[in-house]
Each structure stands twice: as structure tokens, then as C-alpha cells.
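Asker: Return atomic coordinates for the entry below.
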Amino acid sequence: MTPSLEILTQHTALTQGVGVTDLSDRTRLELRGSDRVSFLHAFCSNDIKRLAPGCGCEAFVTSPQGKTLGHVLVFCDTDRLLLDTSPGQAQSLSAHFNKYVISEDVEFVERTAELGNLLVTGAHAAQTLQQRTGSAPPSELLSFVPTRIAGCEVVIRRVEYAGVTSFFLQVVANEIPRLMAALLENEAVLCGPEAVEAARLEAGFPLFGRDITDDNLPQEVGRDAKAISFTKGCYLGQETVARIDALGHVNRSLVGLKFASSEVPAFGSALLTDGKDVGHVTSAIWSPILNAPLAMGYVRRVHARPGTMLATTISSAEVISLPIKLG
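Answerer: All right, here's what the predicted structure looks like:
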């Protein structure tokens, strides 16, 4: 079912103009202490030791068996690391890490309630932020800078959450209304969850707890170049990740799916070939760019090539590459 004019207007802002939404429910977990870098380096898939203050990386937190316990954005500050991830993950991540603390000087502090988080995205997002701050926002992916907007102390982080020109703006939680009002004074449009979800899926950004679970191996998510270092050395679960790399493939992959009908598939909908179950849908929404339902889902490796046609209970679905580009 096609979205309302209001949602289409919001989506246009998120992709071609400036859209803003409150994502303060995303988990923010700080690691403090002198051993924070070496500790996290030993428990996730990317090279934390190479990060300089002001820089970040994407990573998977893995179990001893190499399964995915978390998908995080890691931001390095002078005296702490900040993990940013899907809502509701602080307790499970802290519990996992604490199991392995022996004598290390490391502490895990949830900051979700204290820190607000606005998503600002769209083709004119960088220009709008420069007008508000007087300097260009960070251009390198996952880099960040402190600044001020409307009297608020803000940290601007470059992300790809809803497109390549996306930014997270971190501020003290009670200053979210003032920061939001300042952004909306310019050309920014306040956007709701449906429009944001469409932009997220079109950008191909997966969410832990929905598109990624603890049943997944990191390479199944298809973000190896962004989230996995194959040269960093040992970490918890590294043996499994290295073995898969040596084999050259996993048995299933997260892919984009374009549906032929107007009906948006439900979470968990089966993907079929010749009547056999070969995968399932994890997220789905109507895509204004495709003018059709768009989903993410896992399919067996032999069916993951773009252009492959699959069947569902509502219509056929074509495997497509993500992200989707305008035009």
C-alpha cells in the first residue's frame, strides 16, 4: 500500500533535502578506564587499537562460537569509547563484557537516558549543519567533531544510517527540544518513523535485533569491508570468522528484496524457490524510490545473486543490491 503524501514529503526531505528525527532510544554505552581500548579490541571484529580520537569504526561483538552478539558503531574519544547501537542493547552487551573482566581497568556505563540523539540526513544536510555551526561537519565516515548549535553543546557524527549524507547529533537529553527547534528553523523537515525506515532500508543499514541476531555469523550480514578486520589478530570468536574467510563464503546472506505486489511483507515471511523455503524477511517497508515494497532478508547463498527471483505468499520478489541510489 502506497504511503501518504505526508510520508512521501518526509522521505523527499530525508533523501533530497534535510530530514530530522529523534533517535534517542538508540543504545549508547561508554567504556572507560585505561584498558578500554585493549579490552574492546579483544572482543569485537574490528581494529580498535588503530582508532585516533575523533574517529570511529563499525564492528561486530562476537561470541566464543563466532556468532553475532552485537553490531556497534565505535567512537573513540580521548578518555573513553562510545558504542552506539540499536535500542535495548546496553544490558546484554555489558553483561557479556563483564563476564571477561578479570583485573582490567575498564568500566561500562550506559548513557542512553542522559544523551539525546538526532538523525539529520539528506542531500542538503551538510550544508544546513555548516550554516548552523559556521564550519563543515565531518566528511569521513564515523568521524566526529564537537560544536555548538543554538547554544547547545553538540557532537556531530558522520554515519550512513539513512544514506551517505547522514549525521547523528548528540546532545544532553534535555536540550533535544531546543536543538530540534533550531534545525527546523532552517529547511529541515521533522520526519516520522515510517519515512525514516524507508530511507534506512534504501541505504541498506541493518539493525541488530531485527536484521541481525545472535543466530547470525558476521559474514552473513555482508559488511565485511566496513566491520571486520582480517589482520588484527586474535579476539573472541576470531577463529570462526577466519575459517569462514578461508572457505570464501557463508551459507546464507542478508540481501535486498523488491516485491512485485503493493502489499508490504510481514516480518519473518518465507522466501521460496520451487516451493522450498530458502530464506525469510527481516525488515520491510514501502520504498518511494522503488515505488514498491522493499525488504531485507536472509537467503541461501545460491539464491543471493542480484536478479534472482523468489516466491512469497503475496508476490514474487527480486533480489537487489543495496544501497539504492536515486535516479
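Asker: use CA for all of it now, contacts and neighbours both
Answerer: Will do.
Asker: which residue ranges form the strands in the stretch 151-300 of the chain?
Answerer: Applying DSSP state E, counting those that start in this stretch to the stretch 151-300 of the chain gives strands spanning 152-159, 166-172, 189-190, 252-259, 270-273, 276-287, 292-300.
Asker: Let me have those in CSV, adding distance to residue 25 and mean pLDDT as columns.
Answerer: Below are the strands of the stretch 151-300 of the chain laid out as CSV (distance: least, C-alpha to C-alpha, whole Å; pLDDT from 0 to 100):
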stretch, distance to residue 25, mean pLDDT
strand 152-159, 16, 98
strand 166-172, 12, 98
strand 189-190, 17, 98
strand 252-259, 25, 98
strand 270-273, 30, 97
strand 276-287, 19, 97
strand 292-300, 22, 98
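Asker: Can you say which of those is nearest to residue 46?
Answerer: Closest approach to residue 46 among the strands of the stretch 151-300 of the chain (C-alpha to C-alpha): strand 152-159, 16.7 Å.
Asker: and the closest one with strand 166-172, angle?
Answerer: Here strand 152-159 points in a direction 150 degrees away from that of strand 166-172 (axes from the mean of the first three to the mean of the last three C-alpha atoms, to 10 degrees).
Asker: just checking, what packs against strand 152-159?
Answerer: Strand 152-159 sits against strand 144-149, strand 166-172, with contacts defined as 3 or more C-alpha pairs under 8 Å, 6 or more residues apart in numbering; DSSP states H and E.
Asker: Could you list the low-pLDDT ranges of the stretch 1-150 of the chain?
Answerer: Counting by pLDDT under 70, the ranges of the stretch 1-150 of the chain that qualify are 1.
Asker: List the residues that contact residue 287.
Answerer: By C-alpha atoms under 8 Å, 6 or more residues apart in numbering, the contact set of residue 287 is 198-199, 202, 293-294.
Asker: Quick check: the farthest pair among those residues?
Answerer: Greatest spatial distance among the contacts of residue 287 (C-alpha to C-alpha): 199 and 293, at 12.5 Å.
Asker: give me the number of residues near residue 217?
Answerer: When neighbours are counted by other C-alpha atoms under 10 Å, residue 217 registers 26.
Asker: what about the nearest residue to it once chain neighbours are set aside, how many residues close to it?
Answerer: Distances taken as C-alpha to C-alpha, 6 or more residues apart in numbering put residue 67 closest to residue 217, at 4.8 Å, once the chain neighbours are dropped. Residue 67 has 20 neighbouring residues, counting by other C-alpha under 10 Å.
Asker: Next: residue 196.
Answerer: Neighbours of residue 196 (other C-alpha under 10 Å): 23.
Asker: again with residue 176
Answerer: For residue 176, using other C-alpha under 10 Å, the count is 20.
Asker: do you know how far the closest residue to it other than its chain neighbours is from residue 186?
Answerer: The shortest distance from residue 176 to any non-neighbouring residue, by C-alpha to C-alpha, 6+ apart, is to residue 116 (6.1 Å). Residue 116 is 20 Å from residue 186, where distance means C-alpha to C-alpha, to the nearest Å.
Asker: any chance you could map the helices in the stretch 1-150 of the chain?
Answerer: 5-16, 36-41, 90-98, 125-133 (DSSP state H, counting those that start in this stretch).
Asker: Of the helices and strands packed on strand 152-159, which is nearest residue 325?
Answerer: Closest to residue 325 of the helices and strands packed on strand 152-159 is strand 166-172 (C-alpha to C-alpha; 14.5 Å).
Asker: Describe which strands that closest one pairs with in its sheet and in which direction.
Answerer: strand 115-121 (antiparallel), strand 152-159 (antiparallel) (DSSP bridges).
Asker: among those strands, which is the most enclosed?
Answerer: Highest mean neighbour count among those (mean count of other C-alpha atoms under 10 Å): strand 115-121, with a mean of 25.
Asker: That one vs helix 125-133, what angle?
Answerer: 130 degrees.
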